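**Q** Need a 3D model of the sequence below.
(one chain, ligands or ions: 1)
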Amino acid sequence: MSFEIKDRDLLARIGNLQTKSGSIETPVLLPVINPAIQPIQPKVIQTTFRCPALITNAYIIKKHFNEQATNQGIHTFLDYTGSIMTDSGAYQALVYGDVEVTSKEIVRYQEDIDTDIATILDLPTGWKATKERATYTVNETLKRARELTEIKTREDILWVGPVQGGHHLELVARSAKSMGELPFQIHALGSPTPVMEQYLFDTLVDMILTAKMALPLQRPLHLFGAGHPLMFALAVALGCDLFDSAAYAIYAREDRYLTEYGTSRLGELEYFPCSCPVCIHSEPEEVMNMEAAKRQEILAQHNLFVSLSELKRIKQVIIEGRLWEHLELRAHGHPALLKGVKNLHKYAEYLEKQSPVTKKRGLSFFGSVDLARPEVIRHRKRLLARYSPPQKARRLVLLPQTQMKPFHKSREYQRALKRLIREIGDAIERVHLCTYAAPFGVVPVELDEVYPLSQHEITTPLDSETLAYVASQIERYIAVTDYEIVVVLLDQEMWKGKVRASCEDACKKKYVPLRVVEAKSPWDEDVVGDLAVALSNTPPAGTQPNEARLT
Ligand SMILES: [Zn+2]
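**A** Below you'll find the predicted structure:
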């Protein structure tokens, strides 16, 4: 296999893709080269921008330069020695109807020009396709994919097997599964133009993850037509490894200036919010006054610089294990992107399953979006399915989270423990102290130093979804355990009654007596005293369910 994975975070990976012209570190951006109109020459893309790969269109080259490219070879023809990927004309088929070339011709042509990564002539589904039409595009693309082994004559070219289906997710899944069974080295997903133009990032999440879940994970995935740096973090986090950008040139033609958080019109800019070599040496007004071709070149250069630097930033956060934090930062750059990130909760279990556990960085939690994080799901699964409380500890005491972590090392906790021991003596052995904390839920004291239960920061006051989540986790924990009594110390201000309601519901269902000690300052000496009293006056199980005690 020509793809090696070096590092991972969420579904993202830093990898090495080997082609016959060299190695490409992924995630990678392949600038789209149109040999007919090109604002930045391929040689400059290689030397100044240090791009290890680019993408061009075999159909357009065949149509306009046919034999010149076969005679010279694509590398000489473009004056570029890095890896070259060719698209097959599928996009032209989508925009202009049928393409004047057969599947067999375009496969052979890509071999003849000596490309490094080639694409079969797939039939793009597009956006408005009915289910019937979409089914046809999936089947026809699969048919052409199966024919490839008989048509191709070389073994040194990597072939791309595109997934079709558009927004018909069941078709995307079928297409991906069947395509993944064929001997392709790379897969690709077409991102229909409206997804990009109308910022339908929630749909994009559905499409990418549906494909991803059905494809072989060890093969790289190319996301077609996703050239705006705004969305790289999302696409990389979902496991896309290759991108092509025509955006850097197309936007430049329309005097549009890309940033990692959106798009500006050149005419509206007073300052360039960028320190790339172009922006550092000029002001928007100067660029505005340049002649059109020069202006386009300058803007295309900036657009490419900003796209490449966002990918570098993403690679660095993958190494640091902070991709989620970076994704969240980008998501707050545009409401539609945040909508996409919010859609991840549907796939949280899959994300958790595929995300590495080895990163030991402290986590930052900002709000309810973070409840879909793999670490939160992982704690929930482990606690509810695999954890058993210490055998002797039959009385559950739930304490509110403290500012300091690990919780059991906080002053509040230590003082409370001393007081409890003074009041109930050896009976403390029968007590199981747990903390309820956002965002994880119940944290048994003996686990509170396990990563990441202490290694995180969270924004307070908590939002209502996070409050509700923690409360629901307490309820589930009581449901799966078997204590003879539950005593809960409640911080009224922070938990707004939700924890109390959950404890009451859970204990009622299990016929477990509940004691509630509630106060504005739950760690005050006399409140902790009440906690000790509640704990020492424990009736036999089942006699007084749900009796609450208030201070
Ligand atoms: Zn710039």
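**Q** Show me where the stretch 451-551 of the chain has its helices.
**A** 464-480, 492-495, 498-510, 525-536 (DSSP state H, counting those that start in this stretch).
**Q** ranking those by mean pLDDT, which is last?
**A** Of all these, the segment with the smallest mean pLDDT is helix 492-495, scoring a mean of 84.
**Q** CA atoms only for that helix - export them in PDB, please.
**A** The C-alpha trace of helix 492-495 is given here as PDB (Å, rounded to 0.1, in the frame of the first residue of the first chain):
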ATOM      1  CA  GLN A 492     -28.000  25.000  44.000                       C
ATOM      2  CA  GLU A 493     -26.500  27.900  42.100                       C
ATOM      3  CA  MET A 494     -24.600  25.800  39.500                       C
ATOM      4  CA  TRP A 495     -26.900  22.900  38.900                       C
END
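**Q** Downstream of whichever strand or helix holds residue 235, the next helix or strand is which one?
**A** When elements are assigned from DSSP states H and E, residue 235 belongs to helix 232-237. Going down the chain from helix 232-237, the next helix or strand is strand 242-245, by DSSP H and E.
**Q** Give me the residues contacting the next helix or strand after that next one.
**A** Once strand 242-245 ends, the next helix or strand along the chain (criterion: DSSP H and E) is helix 247-253. For helix 247-253, the surrounding residues in contact (Cβ atoms under 8 Å, 6 or more residues apart in numbering) are 31-32, 34, 38-40, 227-228, 257-258, 263, 296-297, 299-300, 303-304, 307. (C-beta placed from N, C-alpha, C; glycine too.)
**Q** Go again with 10 Å.
**A** 29, 31-34, 37-40, 45, 49, 196, 225-230, 245, 256-258, 263, 266, 292, 295-308 (Cβ atoms under 10 Å, 6 or more residues apart in numbering).
**Q** ok, now stretch 280-292?
**A** For stretch 280-292, the external contacting residues (Cβ under 10 Å, 6+ apart) are 253, 255, 257, 264-272, 274, 278-279, 294-299, 302.
**Q** Narrow those to those in strands?
**A** For the contacts of stretch 280-292, the ones inside strands are 257, 264, 265, with DSSP state E as the criterion.
**Q** Looking at those, spot the one nearest the ion.
**A** Using Cβ to the ion, residue 257 comes nearest to the ion of these, at 8.0 Å.
**Q** does that closest one really touch residue 303, like I thought?
**A** Yes - Residue 257 sits in contact with residue 303 when judged by Cβ atoms under 10 Å, with a separation of 7.2 Å.
**Q** what is in contact with these two at once?
**A** 251, 263.
**Q** Can you pick out the residue with more neighbours from the two?
**A** More crowded of residue 257 and residue 303, by other Cβ atoms under 10 Å: residue 303, with 30 against 25.
**Q** Look up how far the ion lies from the more buried one.
**A** Here the criterion is Cβ to the ion, to the nearest Å. By it, residue 303 lies 8 Å from the ion.
**Q** Kindly report the same for residue 53.
**A** Counting by Cβ to the ion - residue 53 and the ion are separated by 22 Å.
**Q** again with residue 246
**A** Spatial separation of residue 246 from the ion under the definition Cβ to the ion is 19 Å.
**Q** Next: residue 29.
**A** When distances are taken as Cβ to the ion, residue 29 and the ion turn out to be 15 Å apart.
**Q** wouldn't that residue be in contact with residue 305 here?
**A** No - between residue 29 and residue 305 there is no contact under Cβ under 10 Å: 11.1 Å.
**Q** These two: who's more crowded?
**A** residue 29 (25 against 20).
**Q** What is the burial count for the residue nearest to residue 188 when sequence neighbours are not counted?
**A** The spatial neighbour of residue 188 that comes closest, neighbours along the chain excluded (Cβ to Cβ, 6 or more residues apart in numbering), is residue 222 at 4.0 Å. Residues lying near residue 222 (other Cβ under 10 Å) number 26.
**Q** Repeat that for residue 254.
**A** Per other Cβ under 10 Å, the neighbour tally for residue 254 reads 11.
**Q** Kindly report the same for residue 71.
**A** Counted with other Cβ under 10 Å, the burial measure for residue 71 works out to 12 neighbours.
**Q** What helix or strand is it located in?
**A** Assignment of secondary structure by DSSP H and E places residue 71 within helix 58-72.
**Q** out of the contacts of stretch 280-292, which are buried?
**A** Among the contacts of stretch 280-292, the ones that count as buried by 16 or more other Cβ atoms under 10 Å are 255, 257, 266, 269, 272, 274, 278-279, 295-299, 302.
**Q** how near is residue 335 to residue 224?
**A** Distance of residue 335 to residue 224, computed by Cβ to Cβ, to the nearest Å: 25 Å.
**Q** if we can go back for a sec, any common contacting residues for residue 29 and residue 305?
**A** Where contact means Cβ under 10 Å, 6+ apart, the residues bridging residue 29 and residue 305 through contact with each are 49, 248.
**Q** Packing partners of the helix holding residue 235?
**A** The contact analysis (3 or more Cβ pairs under 10 Å, 6 or more residues apart in numbering; DSSP states H and E) places helix 232-237 against strand 12-19, helix 201-214, strand 221-224, strand 242-245, helix 292-320, helix 323-331, helix 335-342.
**Q** Now do it, average pLDDT.
**A** Computed over helix 232-237, the mean pLDDT rounds to 97.
**Q** Please convert the helices of the stretch 451-551 of the chain to JSON lines, extending it with distance to the ion and mean neighbour count.
**A** Written out in JSON lines, the entries for the helices of the stretch 451-551 of the chain read as follows (distance: least, Cβ to the ion, whole Å; neighbours: other Cβ atoms under 10 Å):
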{"stretch": "helix 464-480", "distance to the ion": "38", "mean neighbour count": "19"}
{"stretch": "helix 492-495", "distance to the ion": "45", "mean neighbour count": "17"}
{"stretch": "helix 498-510", "distance to the ion": "48", "mean neighbour count": "19"}
{"stretch": "helix 525-536", "distance to the ion": "58", "mean neighbour count": "18"}
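**Q** could those be laid out in CSV, adding distance to residue 379?
**A** Shown next, in CSV, are the helices of the stretch 451-551 of the chain (distance: least, Cβ to Cβ, whole Å):
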stretch, distance to residue 379
helix 464-480, 9
helix 492-495, 19
helix 498-510, 17
helix 525-536, 25
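**Q** returning to that earlier point: higher neighbour count, residue 335 and residue 224?
**A** Set residue 335 next to residue 224 and count neighbours by other Cβ under 10 Å: residue 224 wins out with 24 against 11.
**Q** so what's the closest residue to the more buried one other than its chain neighbours up against?
**A** Once its chain neighbours are removed from consideration, residue 224 has its nearest residue in residue 190; the separation is 4.8 Å (Cβ to Cβ, 6+ apart). By Cβ under 10 Å, 6+ apart, residue 190 lies in contact with 90-91, 94, 122, 124-127, 137, 141, 162-166, 207, 222-226.
**Q** Sitting in strands, which of those residues do you find?
**A** Among the contacts of residue 190, the residues falling in strands (DSSP E) are 162, 163, 222, 223, 224.
**Q** pretty sure the last one contacts residue 191?
**A** Yes - Residue 224 is in contact with residue 191 according to Cβ under 10 Å; the separation is 5.9 Å.
**Q** which residues are common contacts for those two?
**A** When contacts are counted by Cβ under 10 Å, 6+ apart, residue 224 and residue 191 have 240, 243 as shared neighbours.
**Q** and the closest residue to the ion within the stretch 1-150 of the chain, how many neighbours?
**A** Evaluated by Cβ to the ion, the stretch 1-150 of the chain has residue 49 as its residue closest to the ion, separated by 12.4 Å. For residue 49, the count of nearby residues is 17 (other Cβ under 10 Å).
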